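Novice: what shape does this take:
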Amino acid sequence: MPQEKQTKTEAAASLAVIRDRADGLVSAIGREDFFALFSATVSELLRFEFLVVFLYRRDAAPARLHDSITAARHRKGLNNYLQNTYVLNPFYQAVRKGVEPGVYFMKNFMPDEHSLETRHQDFRLRVDSFEEIGFLTNDWPSGMQELLLVMPIDASTLIEVSLSKKEATGGFSAENVAELRSVFPFLHALLCKHWEFASHELAPELEAPLLERLFMSFGQGVLSERERQVIRLVLLGHSSTSVALNLGVALPTVKSHRRNAYAKLEVSSQAELFALFMTSVRELREAL
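Specialist: Now for the predicted structure:
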């Protein structure tokens, strides 16, 4: 079957699933079982290993609204992300700048020329160049590909539905993306209406943006302002070339700033820089 015809056929099948489930989904708006039904419907559209629904709000850490994770270790990894490593996640950083609604791969939010070292350290985040985002939150399953349904609710609120699947099994296909895009407007409208009815129950106690402040002030009093700008981008996975493009400076200048910053922070690699940042996160939490 030609590729274009196959894609149209699969999209038609997805629309048929939505038609069959629409009444039940609409009836569940505002109810506690809404996300469970939503998750079950998406699982009929494509195969995935687990789903997590995240809430992002301006000046707050992300929060979990629903998930289908069954492994206790992976749940621990999810909690680690929500409490610690989210501040380094490329999607979280993209949300702060504004993201258009749609279906995305996580790799769509990666900086250009993404490059990370592969030294292993004993901390809550492991640098791993084989991961989509260049690092792995401890206890999070490895080798996963993420497909994201990005659903802004209003100017300050966004819901992300994250679908994960092992890349070793083939990950998500272009056909999967086409299927989701064909039904995305309905799913987005559904989520917006559910939020309208249930936001007072869904919005959890969100912590003050302590990690964001720590991230922005990391190296303060030790590094120059330009060195801090360079280090923030390095923490987000940018290569020296990408840092130069983002800051509009010459590559040798970036390398000089990076070398000087590493010397002042007494680290010698990107892995050690991650470890130092995450140590400062733990110390902040222990001080509270």
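Novice: low-confidence ranges in this structure?
Specialist: Across the chain, residues meeting the criterion (pLDDT under 70) sit at 1-12, 112-136, 202-210, 285, 287-288.
Novice: so where does the spatially most central residue of it fall, helix or strand?
Specialist: Among the residues of the chain, the one closest to the centroid is Phe91, at 4.2 Å (Cα atoms, centre = their mean). Phe91 is part of helix 90-97, with elements assigned from DSSP states H and E.
Novice: partners of the helix or strand that comes right after that helix, with directions?
Specialist: Counting by DSSP H and E, the next helix or strand C-terminal to helix 90-97 is strand 102-105. Counting by DSSP bridges, the strands paired with strand 102-105 are strand 144-154 (antiparallel).
Novice: what packs against the longest helix along the chain?
Specialist: If you go by DSSP state H, the chain has its longest helix at helix 174-202. Other elements packing on helix 174-202 under the criterion 3 or more Cβ pairs under 8 Å, 6 or more residues apart in numbering; DSSP states H and E are helix 3-28, helix 34-45, strand 102-105, strand 144-154, strand 157-166. For glycine as for every other residue, the C-beta is placed from the backbone atoms N, C-alpha and C.
Novice: now do the buried residues in that helix.
Specialist: If you call a residue buried by 16 or more other Cβ atoms under 10 Å, then helix 174-202 has these buried ones: 175-180, 182-184, 187-188, 190-192, 194-195, 198, 202.
Novice: in the helix or strand following it, which residues are buried?
Specialist: Using DSSP H and E, the helix or strand that directly follows helix 174-202 along the chain is helix 210-217. The neighbour-count check on helix 210-217 (16+ other Cβ under 10 Å) flags Leu211, Glu212, Leu214, Phe215 as buried.
Novice: and the two most separated of those?
Specialist: The span of these, defined through Cβ to Cβ, is set by Glu212 and Leu214 at 7.2 Å.
Novice: common neighbours of the two, please.
Specialist: Val87 (Cβ atoms under 8 Å, 6 or more residues apart in numbering).
Novice: dump the buried residues of helix 210-217 into a markdown table; add distance to Leu15 as well.
Specialist: Output for these, formatted as a markdown table (distance: Cβ to Cβ, whole Å):
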| residue | distance to Leu15 |
| --- | --- |
| Leu211 | 41 |
| Glu212 | 40 |
| Leu214 | 46 |
| Phe215 | 42 |
